[in-house]
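In: Have a look at this prediction, sequence included:
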Amino acid sequence: MSIPAPSPSLRWSDLLHPVVAGLISVIVNYGGTFILVFQAAKVAGLSPELTASWVWSISIGVGTTGLWLSWRYKAPIITAWSTPAAAFLVTALAAASYAEAIGAYLISAAAFVVLGLSGGFDRVIRLIPPAIAAALLAGILLPFGVQAFGGVGVDPLLAGLLILTYVVLKRFTARYAVVGILVLGLGFLLTQRRVDLSGLELKLAAPVFTMPAFSFKALLSLAIPMFLITLTGQYMPGMLVLRNDGYQVSASPLVTVTGLGSLLMAPFGSHAFNVAAITAAICTGREAHEDPSRRWIAGVAAGVFYILIGVFGVTLAAVFMALPAVFITTLAGLALLGAIGGSLAGALSEPSSRESALITFLAAAANIQLLGIGGAFWGLVIGLIAYAALNGGLVTWARGLLSGRVTPERPAR
């Protein structure tokens, strides 16, 4: 699949769906994982000013890089903070000073800049068979689809309302299904007074510069682990999301730009940001826009929302985090149904690689945590081993690709 060139004219009707997709991806990011940043800040003993600077730096950095990359390459390139790195920092920051952590952030970011400039990551991504890539993405997204319906057992009224509304809108006006459940869900929460905005006071965030300190201990205990888990847990699946939906954007500039952004924002507290995976899938599929060449608007919109939140720091981030967990998980799962279905269809469409793709799907869905590395990496490793064993074609694939006889759209046979 290749994305057609965008037509020169842009109509107002082209904006609604991608803008809403960008907003949903931002809501899911802050509502679902940002609590890890606050937990890590608490472990590190950071003051409210330093915590607000962390929120400012990572939100502004993510927003700026995602906005520019989406505009530059006309593709829905969603950037986000490294969730596995934030989870890692919840425990790791207890054993290092904040200045050493800043130094480790700088080293990790510089390593990504070098990786992006080298072009090595691009070559690795191109070697992954399409069926395995699609199965990996489906496995990563599956838990979100399951959680969408699991919420019925926790909050049947809210989850049931969202699911029923989604099905009805899909039947009668499919284009507005995701927009409808977002508007209806927020309206329901406000009428039920389950989101209290009465005490909301917008305060501008102020960045605080911290002089980095470098140590061999921080290099081993913070910088290297952060680099590895961000590379395998975020960049790898993030690039596969783009490729799976037909966006053949080179990985090199994306890794370079996000690495440079992380490098600039690290002294203000930003731990790492990168190409997003799960929230990106909300913006790369049909729900964002029927025309794939218009979905880049979702990336620009998400960038704008991130920047607005960053300007006000903790204030607006806290609002999204106050939304009920069932609302976040159900909204995310329903918005990702199209991506899950499309990935599964792509993974299982080729009979010769169907079993290895199924193994990849199940291994990724199992979310194996081993040696400090997340499930996306192990799902990919297991899938590639299965592909080589069952198809006997991984070496042939790699040689053919390097020689130009095989492309990711035309697998070796």
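Out: Noted; the coordinates are in hand. It should be emphasised that the depicted structure is a prediction, and the values quoted were computed from it without experimental measurement.
In: and residue 289, which of the three is it?
Out: Going by DSSP: H, G, I helix; E, B strand; the rest coil, the secondary structure assigned to residue 289 is coil.
In: Then residue 204?
Out: coil.
In: And for residue 77?
Out: Counting by three-state DSSP, the backbone at residue 77 sits in coil.
In: Once you drop chain neighbours, what's closest to it?
Out: Across the structure, with Cβ to Cβ, 6 or more residues apart in numbering as the measure, the residue nearest residue 77 apart from its sequence neighbours is residue 69 (4.1 Å). To be clear about C-beta, it is placed using only N, CA and C from the backbone, and glycine gets the same treatment.
In: again, but for residue 236
Out: For residue 236, the nearest residue in space outside its immediate sequence neighbours is residue 376; the separation is 6.2 Å by Cβ to Cβ, 6+ apart.
In: In contact with residue 239, which residues are there?
Out: When contacts are counted by Cβ atoms under 8 Å, 6 or more residues apart in numbering, residue 239 is found next to 121, 125, 251, 254, 275.
In: where does the chain dip in pLDDT?
Out: Per-residue confidence of the chain (counting by pLDDT under 70) places the weak regions at 1-10, 12-13, 32, 196-202, 316-317, 321, 372-374, 392-413.
In: just to revisit the earlier point, return the distance of the residue nearest to residue 77 relative to residue 75.
Out: Residue 69 sits 8 Å away from residue 75 when distances are taken as Cβ to Cβ, to the nearest Å.
In: what touches both of those two?
Out: With contacts defined as Cβ under 8 Å, 6+ apart, the residues shared by residue 69 and residue 75 are residue 299.
In: Let me have the contacts of residue 239 in a markdown table, adding neighbour count and distance to residue 131 as columns.
Out: Supplementary listing: the contacts of residue 239 in a markdown table, determined by neighbours: other Cβ atoms under 10 Å; distance: Cβ to Cβ, whole Å:
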| residue | neighbour count | distance to residue 131 |
| --- | --- | --- |
| 121 | 21 | 21 |
| 125 | 19 | 15 |
| 251 | 24 | 20 |
| 254 | 25 | 23 |
| 275 | 27 | 22 |
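In: Send me stretch 299-311 as CSV with only the CA atoms.
Out: Taking only C-alpha atoms (Å, rounded to 0.1, in the frame of the first residue of the first chain), the coordinates of stretch 299-311 have been written out as CSV:
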residue,chain,number,x,y,z
GLY,A,299,-0.4,14.7,13.6
VAL,A,300,-0.4,18.5,13.4
ALA,A,301,-3.5,18.7,15.6
ALA,A,302,-2.0,16.4,18.2
GLY,A,303,1.2,18.6,18.2
VAL,A,304,-0.9,21.7,18.8
PHE,A,305,-2.8,20.1,21.7
TYR,A,306,0.5,18.9,23.3
ILE,A,307,1.9,22.4,23.1
LEU,A,308,-1.2,24.0,24.7
ILE,A,309,-1.0,21.5,27.5
GLY,A,310,2.7,22.1,28.0
VAL,A,311,2.2,25.9,28.2
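In: ok, the contacts of residue 239 vs residue 99, which is closest?
Out: Minimum separation from residue 99 among those (Cβ to Cβ) is found for residue 275, which lies at 28.3 Å.
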